[in-house]
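Participant: sequence and predicted structure, then a few things I'm wondering about:
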Amino acid sequence: MARAKTKAVVQDSDVCRQVMYALALKKYARRWLFVIACCLLYLLLPRGSENNLPGSGLERHVATVAVEGPVEGMSDKWYRELEIVANSPNAAALILTIDSPGGVVSIADAGYSLLKRIHARIPVVTVVGNTAASAGYLLASTGDVIFARETSIVGSIGVLLEIPIFKQLLENVGIEYRNAGVGHNLDVVPFQGLNDFTNKYLELAGEDSYRWFRSTVQYERRLSDDALKKVIGGKIFLGHEALTLGLVDAIGDGSSALDWLSQQDASITAKTKVIDYSRFLG
């Protein structure tokens, strides 16, 4: 009897063990089903950050951005619009309209780099309005082609550094300006005038910027050394003169730019929408 009882106890113990194992397995399975369900739900959710990008909800289109007035800062309207174009998945091309007398070299450099990033993905066509001079022309040079009017002002490939000096005025009214510490700072030039160091610094800075400017134009416009010499040095030209010198490719306007794009890309037609990106900045 004792042996039979022991056998029954062992059997009950095995059953309990199996029941506990089954319960644990069921709990484990529920946990993984919950994890898998969460993963599937996450994958099915729309990507909100992408959908919220300006221009992401548009159909395929041609973007337009206008550089108007002096090139002064990365907070300029045109620069912020180009940043949107650079991140727009549905922009098939960019028409860049330039009407600028120039501006700050470093900002032109930043704009040039941004345009090169855009150009690596989509075609860029430049249309010169009244003026594309200095920094304005540098930005224009990034286009696959440049259209200008017969009377557009083009060029001014040069760098000019300007610092106002009030030293004489301060002396006349009896104001003396002093600074303490070690080193040189261009901020004191308006109050203390130029010296050997600041003269040399401005000379080198201007020459370095000028060298970069003209080499960039030569590269973008595929100019020979002789052709480059004819257009540098701050010279300005009318549109028809710029055409003969290789600074622009054709006489035309925005319609000419669209025609050129349609010839390069059959998917760009008269029905393709043209979106002015200023709409995204209110």
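Facilitator: Happy to help now that I have it.
Participant: I122 reaches I95, doesn't it?
Facilitator: No. Contact criterion C-beta atoms under 8 Å: I122 and I95 do not qualify, at 10.8 Å. Where C-beta positions appear, they are placed from N, C-alpha and C, glycine not excepted.
Participant: the two: who's more crowded?
Facilitator: I95 (23 against 17; other C-beta atoms under 10 Å).
Participant: who's in contact with the more buried one?
Facilitator: 62-65, 125-127, 254, 257-258, 261, 274 (C-beta atoms under 8 Å, 6 or more residues apart in numbering).
Participant: helix or strand right after the helix or strand bottoming out on mean pLDDT in the chain?
Facilitator: Lowest on mean pLDDT, DSSP states H and E among the helices and strands of the chain sits helix 48-51, with a mean of 46. Counting by DSSP states H and E, the next helix or strand C-terminal to helix 48-51 is strand 61-68.
Participant: so which elements touch the very next helix or strand once past that next one?
Facilitator: Next along the chain after strand 61-68, taking DSSP H and E as the criterion, comes helix 77-86. Helix 77-86 sits against strand 61-68, helix 105-119, with contacts defined as 3 or more C-beta pairs under 8 Å, 6 or more residues apart in numbering; DSSP states H and E.
Participant: circling back to that earlier point, need the contacts of I95 in a markdown table with pLDDT, can you?
Facilitator: Output for those, formatted as a markdown table (pLDDT from 0 to 100):
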| residue | pLDDT |
| --- | --- |
| V62 | 95 |
| A63 | 95 |
| T64 | 97 |
| V65 | 97 |
| V125 | 97 |
| T126 | 97 |
| V127 | 98 |
| G254 | 93 |
| A257 | 95 |
| L258 | 94 |
| L261 | 95 |
| V274 | 94 |
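Participant: show me just the buried residues among the residues you listed.
Facilitator: 62-65, 125-127, 257-258, 261 (16 or more other C-beta atoms under 10 Å).
Participant: which of the helices and strands packed on helix 77-86 is buried the deepest?
Facilitator: Each of the helices and strands packed on helix 77-86 was scored by mean neighbour count; the highest is strand 61-68, a mean of 22, by mean count of other C-beta atoms under 10 Å.
Participant: quick one, that strand and helix 105-119 angle?
Facilitator: For strand 61-68 against helix 105-119, the angle by axes from the mean of the first three to the mean of the last three C-alpha atoms, to 10 degrees is 170 degrees.
Participant: partner strands of strand 61-68, parallel or antiparallel?
Facilitator: Counting by DSSP bridges, the strands paired with strand 61-68 are strand 91-100 (parallel), strand 273-276 (parallel).
Participant: returning to what we had before: indicate which one of the helices and strands packed on helix 77-86 is closest to G239.
Facilitator: Set against G239 and scored by C-beta to C-beta, the helices and strands packed on helix 77-86 come closest in strand 61-68, at 17.0 Å.
Participant: can you list the domains in the chain?
Facilitator: Annotated domains of the chain cover 2-45, 55-156+235-281 [automatic domain parsing].
Participant: now tell me which of those the model trusts least on average.
Facilitator: Looking over the domains of the chain, mean pLDDT reaches its minimum on domain 2-45, with a mean of 54.
Participant: show me the helices in the stretch 151-282 of the chain, by range?
Facilitator: Secondary structure of the stretch 151-282 of the chain (DSSP state H, counting those that start in this stretch): helices at 167-172, 189-192, 196-221, 225-231, 239-245, 254-264.
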